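S.K.: following is a predicted model, sequence given first.
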Amino acid sequence: MFGFRSKPDPTPDAAPTQQPPAAKAGLFKRLREKLNRGDSWLTYDLANLLPGGRIDDSVLDELETRLITADVGVETTERILERLRKQVARKELGNLDALLAALRGSLLEIVQPSARPLEIEGAAAPFAILVVGVNGAGKTTTIGKLARHLKAQSLKVMLAAADTFRAAAVEQLQIWGQRNDVTVISQATGADPAAVAYDAMQAAQARRIQVLIVDTAGRLHTQSNLMDELKKVKRVMGRVDASAPHEVLLVLDASQGQNALQQARLFNEALGVTGIVLTKLDGTAKGGIVFAIASELKLPIRYIGIGESAEDFAEFDAEAFVDALLKRDA
C-alpha cells in the first residue's frame, strides 16, 4: 500500500486507503484467464511426461525449455532448475503436485523481493515521478491510470506533458487529466521538455501538490542523444528540489520479452531507474520477463497492466502473479 507522511497542515487530506482487495483479486483473475487463454504454459501436459509418476530429467528438461522460451532467460532458468534438480536428487519431489509446489517456491523466491509498492513520501513537496520508456510501451496511458490510482488514495496529483514532440501525446495526457480531474501543465509543441518539467515542479510547489507525474517522449534506448535529453530533464527537476525526481518509473511492454530486459538495463544505467511498470501482460502468453527483470536487475516492480481500461492496472503482487502463471487460485 502507499505510505504517506505529510507535513503539519491545518486542513490535512483524508488518510490514503488501500486498494480494495476485491479489485486486485479481480485483476489477477483476469490475468490468469488471459495468460495463454487456456492451460498454463508452465504446467500443460506435464502429467503426461511423468513415466510411472516419477520426476526425471526429461520432465525437468521440458520445464527448462518452457521457461527459456517464455522469456525467463537462460541465467534465471538455470537458477530455477538448479534448485529443482537438487530437490529431485534428494528425492523430495515424488509427484507432479510436489514438483509444482517446488516450482512455485522457486518462482516466488526470485520475484518476491521485487514486489515493492511505491511509497509516496509526504516530506517531498511534490513527490516527483519521472516516467520514461520507449515508444509504444504505454507511458501516457500508464500515467493516466496511475493518476487515477493515486487520487483514490486521497492524494493531490498534477501531470506534466514533457513529451513536447507530439501534439497527440499532450492531447492524450490532457484527456486523462480531464477524466481524473487533474491539472496538466503543458507548453507549445516543440518546447524544451526540461522547461516543461521545471515549470511543473514550480507550479506543483506553489499549489501544494502532493504528487507530480512527468510524461516524457518515447526514447529508443540505443540513441544516446535522446537519453541525454532525459538526463537533462532529470537534472532540471533537481534544480527546483535537490531530491527530485523521487521516482524514475520505467514503463516496459512485457510482450517485448528479452528486448524489454535490455531496455531496462540501459535506462537504469543512464537514469537510475527506481521502479518498473510492466504493461500489456495480456498481450503475451508467457510473462516470463518479470522473472528475468527481478533476477538480474532486482528493481522494484511497482505496477502491472493487463488491458486498456483503468481497472486493468494494479500494484504488483508476486504471489498472485505466480499463481496466475500456474493456473492456481490466488
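M.R.: Received the coordinates, thanks.

S.K.: what are the bridge partners for the residue nearest the centre of the chain, then?
M.R.: Within the chain, one residue has its C-alpha closest to the average C-alpha position: by CA atoms, centre = their mean, that is Val277, at 1.9 Å. Beta-bridge partners for Val277, by DSSP bridges, are Val251, Tyr303.

S.K.: would you confirm that it contacts Val248?
M.R.: No: with contacts counted by CB atoms under 8 Å, Val277 stays clear of Val248, the gap being 11.6 Å. Every residue, glycine included, has its C-beta placed from N, CA and C.

S.K.: what does whichever strand or helix holds Ile293 contact?
M.R.: Element membership for Ile293, per DSSP states H and E: helix 289-296. For helix 289-296, the surrounding residues in contact (CB atoms under 8 Å, 6 or more residues apart in numbering) are 71-73, 75-76, 79, 107, 110-111, 113-114, 252, 254, 256-258, 260-261, 264-265, 276, 278, 299, 301, 321.

S.K.: and Ala128, how many neighbours?
M.R.: 28 (other CB atoms under 10 Å).

S.K.: helix/strand/coil for it?
M.R.: Following DSSP: H, G, I helix; E, B strand; the rest coil, the label given to Ala128 is strand.

S.K.: test of understanding: give the bridge partners of it.
M.R.: Bridge pairing for Ala128 - DSSP bridges - gives Leu212.

S.K.: wait, what's in contact with it?
M.R.: Contacts of Ala128 (CB under 8 Å, 6+ apart): Met201, Ala204, Leu212, Val214, Met237, Asp241, Ala244, Pro245, His246, Glu247.

S.K.: and with 10 Å instead?
M.R.: 158, 160, 197, 200-201, 204, 209, 211-214, 234, 237-238, 240-241, 243-248 (CB atoms under 10 Å, 6 or more residues apart in numbering).

S.K.: ok, back up a step: where do the contact lists of Val277 and Val248 overlap?
M.R.: Taking CB under 10 Å, 6+ apart as the contact rule, Val277 and Val248 both touch Val131.

S.K.: what pLDDT does the residue nearest to Arg79 when sequence neighbours are not counted get?
M.R.: Leaving out its chain neighbours, the residue that sits closest to Arg79 by CB to CB, 6 or more residues apart in numbering is Ser295, at 6.5 Å. Ser295 carries a pLDDT score of 92 in this model.

S.K.: Ala89 too?
M.R.: For Ala89, the pLDDT comes out at 88.

S.K.: that older thread, restricted to helices, list the contacts of helix 289-296.
M.R.: Glu75, Thr76, Arg79, Leu107, Ile110, Val111, Gln258, Ala260, Leu261, Ala264, Arg265, Phe321 (DSSP state H).

S.K.: pipe those into CSV and attach distance to Lys139 and pLDDT per row.
M.R.: Output for the ones in helices among the contacts of helix 289-296, formatted as CSV (distance: CB to CB, whole Å; pLDDT from 0 to 100):
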residue, distance to Lys139, pLDDT
Glu75, 28, 90
Thr76, 26, 90
Arg79, 31, 91
Leu107, 28, 93
Ile110, 26, 95
Val111, 23, 96
Gln258, 21, 85
Ala260, 14, 90
Leu261, 18, 91
Ala264, 14, 94
Arg265, 18, 93
Phe321, 22, 89
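
S.K.: just the residues you listed now: which is nearest Ala125?
M.R.: The shortest gap between Ala125 and any of the ones in helices among the contacts of helix 289-296 belongs to Ala264, at 29.7 Å (CB to CB).

S.K.: shaky segments in the stretch 51-200 of the chain?
M.R.: Along the stretch 51-200 of the chain, the parts satisfying pLDDT under 70 run over 51-53.

S.K.: now do the stretch 201-330 of the chain
M.R.: Ranges of the stretch 201-330 of the chain meeting pLDDT under 70: 219-223, 283-286, 328-330.
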